[in-house]
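Q: Predicted model, plus sequence, below.
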Amino acid sequence: MTMLVKIIGILFLAIGLYIVILNYMYIYLNLRNKKNNIDKFYSSIPLFGSLFFLVGTFVLSIDFRLYILLIFIIDPGSVMLFLSIPRIIRDIHKNKK
């Protein structure tokens with residue numbers, strides 16, 4: 001059973017890191033497309049990479065340390081979401097009136 005738990009934890013970590021790497025690749029592709037005047041945009045994936053990574057650390061019973069939360073700062077999709085929260089709240093408040 002412990003081997004199965006380790007495999008599941010490693011899978012969650014791998015999927016989380018893969019999504020974070022994809023977010024960086026999307027930034028690169030968007031900059032390249034903009035430079036070459038190509039009208040194509042790749043959307044980043046907010047929170048999923050960070051959350052999969054956190055679930056993997058919890059499944060593997062890694063001692064929780066504050067530096068594990070750095071994944072939310074390292075992941076560009078999560079950073080963009082956190083930075084846009086004030087604007088989203090403002091738009092919701094403005095549209096209620």
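A: Looks like it came in fine.

Q: Could you list every helix and strand in contact with the host helix or strand of residue 88?
A: Counting by DSSP states H and E, the element that carries residue 88 is helix 76-96. If you count contacts as 3 or more CB pairs under 8 Å, 6 or more residues apart in numbering; DSSP states H and E, helix 76-96 packs onto helix 2-35, helix 48-59, helix 71-74. (Glycine included, C-beta is placed from N, CA and C.)

Q: So which bits of the shortest one are buried?
A: Within helix 71-74, the residues that qualify as buried are 71, 72, counting by 16 or more other CB atoms under 10 Å.

Q: Please work out which residues outside it touch it.
A: The contact list for helix 71-74 (CB atoms under 8 Å, 6 or more residues apart in numbering) reads 16, 20, 49, 50, 53, 54, 78, 79, 82.

Q: Can you show me the CA trace of it as CSV?
A: Provided in CSV are the C-alpha atoms of helix 71-74 (Å, rounded to 0.1, in the frame of the first residue of the first chain):
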residue,chain,number,x,y,z
ILE,A,71,5.1,27.1,-5.9
PHE,A,72,2.3,29.6,-6.0
ILE,A,73,4.9,32.4,-6.8
ILE,A,74,6.9,30.2,-9.2
